[in-house]
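Student: quick one: sequence plus predicted model below, questions after.
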2 protein chains.
Amino acid sequence: MSFDPATLTFDAAGLIPAIAQDAENGDVLMMAWMNAEAVARTLETGRVTYWSRSRQQFWIKGETSGHVQELVEMRVDCDRDCLLLAIRQTGPACHTNRRSCFYTAIRDGVEVVTMAPEAG
Amino acid sequence: MSFDPATLTFDAAGLIPAIAQDAENGDVLMMAWMNAEAVARTLETGRVTYWSRSRQQFWIKGETSGHVQELVEMRVDCDRDCLLLAIRQTGPACHTNRRSCFYTAIRDGVEVVTMAPEAG
């Protein structure tokens, strides 16, 4: 079946969550949002492109930082309201310079930072 | 720092997306939603508990199907608006009886089902 981004289920703002997973080691690196056009651009260009809710514009991941995400495969979930992106991540995915945005664990009711920012 | 679910960033409906990842092999199994109370219950009980948007009630995953999710570790992202759950999944996570909800890949512009439902 040919894929049409318009067949996805978007929220009231026209967005769908997209989970970026490292294609090599399976680490979940970040979650951000796409609209239908961002989905189409990501598939066309192979460069992961989100929709920035704060800036209200397309956000080609890494365009300014160089920390680009190359799409390996896009997956859709059973409800068609969430995307999973297998990617190749250049540099850290997180704006804090950590490899993943999920660097804070809850252990015994306490927040523990599990990951240091990368050098440089 | 002691963890208080109220310090998370919830959307207008009071919800936060929670990504469930297989703690053993790293597979992303599903994404669902939690409110602050669901986060607290999940941490207290070790049984992953979402908020069902369709039924507007707590959803202890697997309560009827037996396909429970045991929490191994909860992580919070840098913006505190997304959760990552490392879990031990009993049986399939997806209501279609597949291991993961992300069984449809987009390959060369075409939807490809990559996973069969489990037997039984």
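Tutor: On my side now, so go ahead. Numbering: from 1, shown residues only, chains lettered A, B, ... in the order given.

Student: show the contacting residues for the residue of chain A found nearest chain B.
Tutor: Going by Cβ to the nearest Cβ, chain B is nearest to residue A:26 of chain A, at 2.9 Å. (Each C-beta comes from the backbone N, C-alpha and C, glycine too.) Listed by Cβ atoms under 8 Å, 6 or more residues apart in numbering or on different chains, the contact set of residue A:26 reads B:25, B:26, B:27.

Student: show me the contacts for the last one.
Tutor: Applying Cβ under 8 Å, 6+ apart, one finds that residue B:27 lies in contact with A:26, B:21, B:99, B:100.

Student: what do you get for the first one?
Tutor: Counting by Cβ under 8 Å, 6+ apart, residue B:25 touches residue A:26.

Student: pLDDT at it, what is it?
Tutor: Here, the pLDDT recorded for residue B:25 equals 97.

Student: residue A:94 against residue B:78, yeah?
Tutor: Yes. Judged on Cβ atoms under 8 Å, residue A:94 makes contact with residue B:78 at a distance of 5.5 Å.

Student: determine the residues that are contacts of both of these two.
Tutor: With Cβ under 8 Å, 6+ apart, residue A:94 and residue B:78 have common neighbours A:101, A:103.

Student: who in chain A is up against chain B?
Tutor: Proximity of chain A to chain B (Cβ under 8 Å from any Cβ of the partner chain) is limited to residues A:1-3, A:17, A:19, A:21, A:25-28, A:30-31, A:43, A:73-79, A:82, A:84, A:94-96, A:98, A:101-107, A:109-111, A:114.

Student: phi, psi for residue A:39 please.
Tutor: Note on residue A:39: backbone dihedrals following degrees, to the nearest 10 are phi -60, psi -50.

Student: list the contacts for the closest residue to it other than its chain neighbours?
Tutor: Closest residue in space to residue A:39, ignoring its immediate chain neighbours: residue A:5 at 4.1 Å, by Cβ to Cβ, 6 or more residues apart in numbering or on different chains. Contacts here follow Cβ under 8 Å, 6+ apart; on that basis residue A:5 touches A:36, A:37, A:39, A:40, A:43.

Student: ranges for the strands of chain A?
Tutor: Counting by DSSP state E, one finds strands in chain A at the ranges A:16-22, A:28-34, A:49-52, A:57-60, A:69-76, A:83-89, A:104-107, A:110-113.

Student: for the third one, buried residues please.
Tutor: Just to be clear, that refers to strand A:49-52. For strand A:49-52, the neighbour count (16 or more other Cβ atoms under 10 Å in any protein chain shown) marks A:49, A:50, A:51 as buried.

Student: tell me the centre residue of chain A?
Tutor: Compute the mean C-alpha point of chain A, and by Cα atoms, centre = their mean the closest residue is residue A:20, 3.8 Å away.
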